[in-house]
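Student: Following is a predicted model, sequence given first.
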Amino acid sequence: VLILEIPTGIITDFYGRRKSILIFSFCIGLASFLITLNPNFYFLIFISMILGIGFAFASGTISALLFESLKKINRKNEFKKYLSKSHLFFVGAGVLTNFTIPIIFGINTNYPFYIGTFCAILMFITSLFLFEDVNIGKNEINKLGNTLFKKIKNQFNISFKIVKENNKILWIMIFSSLFGITISIFGDLVNQPLVKEFYSLELYGIIFAIATIIQTVLLIFINNIIKFISEHFNEFWFLVISWPLTLILVTLYTDNIYILIMIFGIMWTLASFRDIIITNDLNQKIENDSKRATILSSNSMLSSLIIIIFFPLFGYLLDLYRLEFVIYIMAGFSFFSGLFLLFFKK
């Protein structure tokens with residue numbers, strides 16, 4: 001993903017959002033099917049590479065298409081509202097999978113991946129009916145150079161210049177990467193071993209399913225919640241204070257299943273909240289549509305780079321120290337890094 005983020009973003013700006021979404025659908029479907037062939041470790045790495053290609057093409061593409069569609073009909077100020085709805089639909093689907101997939105996996109380990117393959121095919125077919133107004137014409141592409149390599153290089157240079165000269169875009173990208181790392185670490189490294197230390201596999205599935213329902217309910221009102229917060233507080237200040245607080249609360253109430261479920265639901269809603277405000281602010285500040293996917297991909301690339309650096313470090317800390325201690329480190333890191341960035345925000 002790190003290697004392909006910017007090249008795929010540039011290709012998306014050149015040839016359109018729909019083509020990138022089709023490539024994403026194809027890669028997800030292919031990877032889901034290949035997993036059913038009982039791959040060994042090296043074949044699994046190959047499958048992961050296919051997933052990486054797919055995710056790189058999807059990164060920033062769908063939000064760019066949504067923003068540009070609203071911009072075309074003079075409703076770009078409603079982007080945050082529709083972005084909130086997209087999170088609601090995504091998490092709502094997660095409620096269904098959290099309840100059903102563990103059961104299906106227990107019947108046959110390949111069945112969930114067959115379902116994933118079918119859904120990817122359905123997504124591919126649906127994407128064929130997407131319409132987009134391509135923002136960059138052949139003449140503009142040709143101005144960038146005679147060869148594809150030169151075009152990609154020039155497109156990157158122009159986009160990098162836009163980011164470098166726009167302090168607001170640069171600040172959002174740095175905040176997104178540094179503050180988002182603890183959210184990713186908690187979701188991918190911490191919450192599962194933390195829960196499994198106290199609860200059985202059956203309760204484990206129920207905890208995450210009910211927490212997702214709570215998140216879904218909160219996301220129904222997320223647009224109103226964001227409006228309320230933006231009217232009375234700074235959205236970024238709210239995130240910097242509330243996220244570390246929930247990290248601390250989860251260590252205090254891990255052994256109380258009812259409170260833990262509620263905390264998880266709130267934490268995942270905060271993760272959606274962060275993604276919505278970051279994606280909205282970044283899209284609103286990018287004026288040139290022909291560079292939008294490239295800049296959004298640059299933001300994702302920076303996040304991927306931070307993940308590559310910090311994931312092994314926190315994995316090592318998790319093996320060395322108790323989970324609770326590492327969570328306190330995460331809370332401190334997210335709070336003080338967020339505080340530092342807000343202090344220097346222009």
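Tutor: Arrived safely.
Student: Name the spans of the stretch 1-150 of the chain whose pLDDT lies under the cut-off.
Tutor: For the stretch 1-150 of the chain, residues meeting the criterion pLDDT under 70 lie at 133-146, 148.
Student: if you set the cut-off to 90 instead, what comes out?
Tutor: 1-18, 38-40, 56, 58-73, 76-107, 109, 130-150 (pLDDT under 90).
Student: which residues in it form helices?
Tutor: 5-15, 17-35, 41-58, 61-72, 79-107, 111-127, 138-143, 148-165 (DSSP state H, counting those that start in this stretch).
Student: now the residue sitting nearest the centre point of the chain: how far from L318?
Tutor: By C-alpha atoms, centre = their mean, the chain has its centre lying nearest to D275, at 6.9 Å. With distances taken as C-beta to C-beta, to the nearest Å, D275 is found 24 Å from L318. Heads up, the C-betas are built off the backbone N, CA and C, glycines and all.
Student: Correct me if wrong: I259 contacts Y253.
Tutor: Yes - the criterion here is C-beta atoms under 8 Å, and I259 meets it with Y253 at 4.2 Å.
Student: Not counting its neighbours along the chain, what's nearest the residue nearest to the centre of the chain?
Tutor: Leaving aside its chain neighbours, D275 sits nearest to H87 (7.2 Å; criterion: C-beta to C-beta, 6 or more residues apart in numbering).
Student: The one you found is in contact with T279, isn't it?
Tutor: No - if you go by C-beta under 8 Å, H87 and T279 don't touch, sitting 9.9 Å apart.
Student: Hmm, V217 and V95 touching each other?
Tutor: No - the criterion here is C-beta under 8 Å, and V95 misses it with V217 at 10.0 Å.
Student: Neighbour count: the two, which is higher?
Tutor: Set V95 next to V217 and count neighbours by other C-beta atoms under 10 Å: V95 wins out with 18 against 13.
Student: Count the neighbours of the nearest residue to that one once chain neighbours are set aside for me.
Tutor: Distances taken as C-beta to C-beta, 6+ apart put T212 closest to V95, at 4.8 Å, once the chain neighbours are dropped. For T212, the count of nearby residues is 23 (other C-beta under 10 Å).
Student: Which helix or strand contains T212?
Tutor: helix 201-220 (DSSP states H and E).
Student: ok, then the element right after that helix?
Tutor: Using DSSP H and E, the helix or strand that directly follows helix 201-220 along the chain is helix 222-232.
Student: And G180, how far from N157?
Tutor: 26 Å.
Student: where's F90 relative to L318, distance?
Tutor: F90 sits 28 Å away from L318, going by C-beta to C-beta.
Student: before we move on, what about F156?
Tutor: F156 sits 36 Å away from L318, taking C-beta to C-beta as the criterion.
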